[in-house]
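J.: Mind looking at a prediction? Sequence and model below.
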There are 2 protein chains.
Amino acid sequence: MLFKQFDLNYDRPAVTKTETGMSKHGQRVLITLRKMIANGELPPGERVAEIPIAERLGVSRTPVRIAFRTLEQEGLLRKGDRRGYTVRAITPTEIADAIEVRGVLEGLAARLASERGISLPARSHLIECLSTGDALFSKGFLTDEDMEIYHDFNMRFHNTIIEASRNIAIEDALSRNDHLPFASVSSIAFNRDDMTGEFRRFNFSHMQHHIIFDAIDNGQGARAEALMREHANAALRYTQILGPTQDMPDNFTVIEREDTA
Amino acid sequence: MLFKQFDLNYDRPAVTKTETGMSKHGQRVLITLRKMIANGELPPGERVAEIPIAERLGVSRTPVRIAFRTLEQEGLLRKGDRRGYTVRAITPTEIADAIEVRGVLEGLAARLASERGISLPARSHLIECLSTGDALFSKGFLTDEDMEIYHDFNMRFHNTIIEASRNIAIEDALSRNDHLPFASVSSIAFNRDDMTGEFRRFNFSHMQHHIIFDAIDNGQGARAEALMREHANAALRYTQILGPTQDMPDNFTVIEREDTA
DNA sequence: TCTTGCCAAATTGGATCCAATTTGATTACG
DNA sequence: CGTAATCAAATTGGATCCAATTTGGCAAGA
């Protein structure tokens, strides 16, 4: 199975901020299909037709049709020449590509935030994220619960900077990548069997947050951009974890979040 | 009227490479709605409902519904809290934002193309684009027809580099911005009353192409990236042309192309 | 045996019908 | 006179029906 354990926290409360205009029903179809694609229930290259999927999910063809269009926009489905959709093969290379794109986009956000200056509330928010991290890491080790907390303020740290850039196009562009599994900040994986190593890894990531904030807070745009770009590579580890077979080893835990539809 | 003359070449043969899974009918609805939004026939902030639009276009609600979802994904419509969509206001600032995003994305593409090296066919294609331009500009002036040719090879030049990056995520991310009017390389505007000035402007742009190619061809990734980023600013002129009122003056001609749906 | 043509089955897109939810307005009551 | 409640109209999402297009197979002829 591809991306084992990937669907852990997939159908949680869900922020449903920008739901694509459908009731719970259609929303559920969309989420279910995303999940089925991500965990390989629908294998890459597989041809998907409306009727079988509709029957399988117990709904009519209409919501499935809508979902197919959305999934095509998100890049999870590819349209055939004449008829039908096929599941797009998501290779580790593609994930790495998406992470590289995220790097330059978030780098741009960091630079703009530096140049334009961040608002006081945003600044406090960033400092709060950093303090939370400091408290976490000062213990010298990390628990599973800590990972949840880290994941949460990590996401907020990044989102705050993106908002602080005051460039809505960045957010739009990023929302695209976020649909590719493991390409967004909203998913992290860690090895439960090597929590010492993971501590060092995430601590490093956290220190990067510190210097990124420092750069932004001092209006050092180019520095902030370079640092943020480098920081994106922290996620590149996924492409190492997932080998050529794209199998997520059992001793890895994935934290995933549905955000910004 | 907003974006006057914007719809000039909108419904031409159309490449329809990645049509969103609908027949000519539904495709036409989507294109028509894009046009209506772009030229202000549907004013920014206007609430759009399915039934009135469907009647206005002489189709049933189904294709309109599909189109609304697509347009939301493209960022041209915004979904209300509870019900309905509203036309997203596209300000010159937003266009400038999108152009900035395009700059970093194409910059990344140029760097990757430099680092990974470009294929021989791609290289020939770029050289061909440059030669075509040289021939055009060597005359010392530009006709309207020349502008069409320039627009064509300009688009191909950029697309070739994006393909040469061999990073599909860049193309995906860019396809988003391309829907915002004037944010993509597929649209250019020029002032028919000042063809001398426009000659100098586009000649400059063409010379930038030359040095960008030089950087890529010599594997100078950082240089290629910086140059391509700067080059994107050539399009920023639109945000100057369109003042706060977003009115396109009469003496300006717009060349637009439907591509990559 | 290979190719070509035709017909049936499958699939997709559009239209219409129905149900559920929301908006808003009018009326009744405090 | 203001507020709240109820009811009607509007709007949206889902299901089903119908038409158009494509695919695939089978048969007939070269």
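T.: That came through fine. Numbering: from 1, shown residues only, chains lettered A, B, ... in the order given.
J.: List the residues that contact the closest residue to DNA strand D within the stretch 51-200 of chain A.
T.: Across the stretch 51-200 of chain A, the shortest distance to DNA strand D (C-beta to the nearest atom of the strand) belongs to A:S60, at 2.8 Å. Quick note: C-beta positions are derived from backbone N, CA and C, even for glycine. Applying C-beta atoms under 8 Å, 6 or more residues apart in numbering or on different chains to A:S60 gives the contacts A:A54.
J.: Can you tell me how far it is from A:I51?
T.: For A:S60, the distance to A:I51 equals 10 Å [C-beta to C-beta, to the nearest Å].
J.: Could you do A:A173 as well?
T.: Taking C-beta to C-beta, one finds A:A173 at 35 Å from A:I51.
J.: ok, those two, which is more surrounded?
T.: Of the pair A:A173 and A:I51, A:A173 is the one with more neighbours under other C-beta atoms under 10 Å in any protein chain shown, namely 27 against 10.
J.: State the phi and psi torsions of the more buried one.
T.: Dihedral angles of A:A173 (phi, psi; degrees, to the nearest 10) stand at phi -70, psi -40.
J.: from what I can see it touches B:R176, true?
T.: Yes. With contact defined as C-beta atoms under 8 Å, A:A173 and B:R176 form a contacting pair (5.7 Å).
J.: where do the helices sit along the stretch 151-261 of chain A?
T.: Along the stretch 151-261 of chain A, counting by DSSP state H, counting those that start in this stretch, helices occupy A:168-177, A:195-217, A:221-232, A:237-241.
J.: how about those, which one is nearest chain B?
T.: helix A:168-177 (4.1 Å; C-beta to the nearest C-beta).
J.: which other residues reach that closest one?
T.: Contact with helix A:168-177 is made by A:74-75, A:98, A:101-102, A:105-106, A:108-109, A:112, A:162-163, A:183-184, A:260, B:75, B:94, B:97-98, B:100-101, B:105, B:169, B:172-173, B:176-177, B:180, B:183, as judged by C-beta under 8 Å, 6+ apart.
J.: In CSV, list the C-alpha atoms belonging to that helix.
T.: C-alpha atoms of helix A:168-177 as CSV (Å, rounded to 0.1, in the frame of the first residue of the first chain):
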residue,chain,number,x,y,z
ILE,A,168,-2.4,37.0,-1.6
ALA,A,169,-0.9,35.4,-4.7
ILE,A,170,1.6,33.5,-2.6
GLU,A,171,-1.2,31.9,-0.5
ASP,A,172,-3.0,31.0,-3.7
ALA,A,173,0.0,29.4,-5.3
LEU,A,174,0.8,27.5,-2.1
SER,A,175,-2.7,26.2,-1.7
ARG,A,176,-2.0,24.2,-4.8
ASN,A,177,1.0,22.4,-3.5
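J.: Quick one: mean pLDDT over it.
T.: The average of the pLDDT scores along helix A:168-177 is 86.
J.: relative to helix B:168-177, how tilted is that helix?
T.: Between helix A:168-177 and helix B:168-177, the angle comes out at 130 degrees (axes from the mean of the first three to the mean of the last three C-alpha atoms, to 10 degrees).
J.: tell me how far helix A:168-177 is from the chain's mean position?
T.: Computed by C-alpha atoms, centre = their mean, to the nearest Å, the chain-centroid distance of helix A:168-177 equals 12 Å.
J.: what comes up buried for it?
T.: A:I168, A:A169, A:I170, A:E171, A:D172, A:A173, A:L174, A:S175, A:R176, A:N177 (16 or more other C-beta atoms under 10 Å in any protein chain shown).
J.: How about stretch A:118-135?
T.: Of the residues in stretch A:118-135, A:I118, A:A122, A:R123, A:H125, A:L126, A:C129, A:L130, A:T132, A:G133 count as buried by neighbour count, 16+ other C-beta under 10 Å.
J.: before we move on, what about stretch A:198-208?
T.: For stretch A:198-208, the neighbour count (16+ other C-beta under 10 Å) marks A:E198, A:F199, A:R201, A:F202, A:N203, A:S205, A:H206, A:Q208 as buried.
J.: And stretch A:103-122, by the same measure?
T.: Neighbour-count burial for stretch A:103-122, counted by 16+ other C-beta under 10 Å, picks out A:103-114, A:118, A:122.
J.: tell me the mean pLDDT for that stretch?
T.: The average pLDDT for stretch A:103-122 rounds to 97.
J.: Alpha carbons of it, in PDB - could you do that?
T.: The C-alpha coordinates for stretch A:103-122 follow below in PDB (Å, rounded to 0.1, in the frame of the first residue of the first chain):
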ATOM      1  CA  GLY A 103      10.700  27.000  -0.700                       C
ATOM      2  CA  VAL A 104      10.900  29.800  -3.200                       C
ATOM      3  CA  LEU A 105       7.300  30.900  -2.400                       C
ATOM      4  CA  GLU A 106       7.800  31.000   1.300                       C
ATOM      5  CA  GLY A 107      11.100  32.600   0.700                       C
ATOM      6  CA  LEU A 108       9.400  35.300  -1.200                       C
ATOM      7  CA  ALA A 109       6.900  35.700   1.600                       C
ATOM      8  CA  ALA A 110       9.700  36.000   4.200                       C
ATOM      9  CA  ARG A 111      11.500  38.600   2.100                       C
ATOM     10  CA  LEU A 112       8.300  40.600   1.600                       C
ATOM     11  CA  ALA A 113       7.500  40.400   5.200                       C
ATOM     12  CA  SER A 114      10.900  41.700   6.000                       C
ATOM     13  CA  GLU A 115      10.700  44.600   3.500                       C
ATOM     14  CA  ARG A 116       7.300  45.700   4.300                       C
ATOM     15  CA  GLY A 117       7.600  45.100   8.000                       C
ATOM     16  CA  ILE A 118       5.300  42.900  10.000                       C
ATOM     17  CA  SER A 119       2.400  44.100  12.100                       C
ATOM     18  CA  LEU A 120       2.600  44.100  15.900                       C
ATOM     19  CA  PRO A 121       0.000  41.300  16.300                       C
ATOM     20  CA  ALA A 122       1.800  39.200  13.700                       C
END
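J.: ok so, going back, which ones among the buried residues of stretch A:118-135 lie within helices?
T.: Mapping the buried residues of stretch A:118-135 onto helices (DSSP state H) picks out A:A122, A:R123, A:H125, A:L126, A:C129, A:L130, A:T132, A:G133.
J.: Now those in a markdown table, please, with extra columns for distance to B:H25.
T.: Converted to a markdown table, these look like this (distance: C-beta to C-beta, whole Å):
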| residue | distance to B:H25 |
| --- | --- |
| A:A122 | 47 |
| A:R123 | 52 |
| A:H125 | 48 |
| A:L126 | 50 |
| A:C129 | 50 |
| A:L130 | 54 |
| A:T132 | 54 |
| A:G133 | 54 |
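J.: Redo the helices of the stretch 151-261 of chain A as CSV? Include distance to DNA strand D.
T.: Shown next, in CSV, are the helices of the stretch 151-261 of chain A (distance: least, C-beta to the nearest atom of the strand, whole Å):
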stretch, distance to DNA strand D
helix A:168-177, 19
helix A:195-217, 39
helix A:221-232, 35
helix A:237-241, 33
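J.: can those go into JSON lines with extra columns for distance to B:A226?
T.: What follows is the helices of the stretch 151-261 of chain A, written out as JSON lines (distance: least, C-beta to C-beta, whole Å):
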{"stretch": "helix A:168-177", "distance to B:A226": "19"}
{"stretch": "helix A:195-217", "distance to B:A226": "19"}
{"stretch": "helix A:221-232", "distance to B:A226": "11"}
{"stretch": "helix A:237-241", "distance to B:A226": "27"}
